[in-house]
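In: Requesting a structural model of the entry that follows:
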Amino acid sequence: MDETKLIPDSLLGIRLDLGCGKKKHDGAYGVDKFQLDGVDLVHDLICTPWPLPDNCAHTVYAISLWQEIPRGRIREFMSELHRVAKPDAEVFLAGYYGHDWRF
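Out: Numbering: from 1, shown residues only. Presented below is the predicted three-dimensional model:
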């Protein structure tokens, strides 16, 4: 299966919302591991590689997703984020403040 065909050519250069849940950013292509209203692609972002083409996003949102990434998988997550983001893409990462000394 050609994974690049999951996103139509007309959407290349998209705003990508990773872990969007029900609150996807307007005009973004939403990815979440649960099939919810507004989710365009159901995929667990812990599983790599992501079924997204290289350099497809000019903007990436990962809001309230960071704390869901296991510590041992952060490097893989960041590598995939780098792969799907266009050069000079804007990336917005945000998460809850940690409650433990490791954060």
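
In: Next one, pLDDT for the most centrally placed residue in the chain please.
Out: Nearest to the mean C-alpha position of the chain, by Cα atoms, centre = their mean, lies L18 at 2.9 Å. For L18, the pLDDT comes out at 97.

In: One more: the one 3 residues further on?
Out: Looking at G21, its pLDDT stands at 94.

In: rewinding a little: who does the nearest residue to the residue nearest to the centre of the chain once chain neighbours are set aside form a beta bridge with?
Out: Distances taken as Cβ to Cβ, 6 or more residues apart in numbering put A62 closest to L18, at 4.4 Å, once the chain neighbours are dropped. To be clear about C-beta, it is placed using only N, CA and C from the backbone, and glycine gets the same treatment. Counting by DSSP bridges, A62 is bridged to L93.

In: The chain should start at 25 in everything you say after this.
Out: Okay, residue one is now 25; in that scheme the one you just asked about reads as A86.

In: And the pLDDT at A86?
Out: pLDDT, A86: 95.

In: thought it was touching F116?
Out: Yes. Counting by Cβ atoms under 8 Å, A86 touches F116, with 6.9 Å between them.

In: More neighbours: these two, which one.
Out: Higher neighbour count among A86 and F116: A86, with 22 against 12, using other Cβ atoms under 10 Å.

In: On the strand side of things, show who the residue nearest to the centre of the chain bridges to.
Out: Taking DSSP bridges as the rule, L42 bridges to V55.

In: Make sure it is actually in contact with L69.
Out: Yes. The pair L42 and L69 qualifies as a contact (Cβ under 8 Å) at a distance of 5.9 Å.

In: now the helices: where do they sit in the protein?
Out: In the chain, the helices defined using DSSP state H lie at 98-108.
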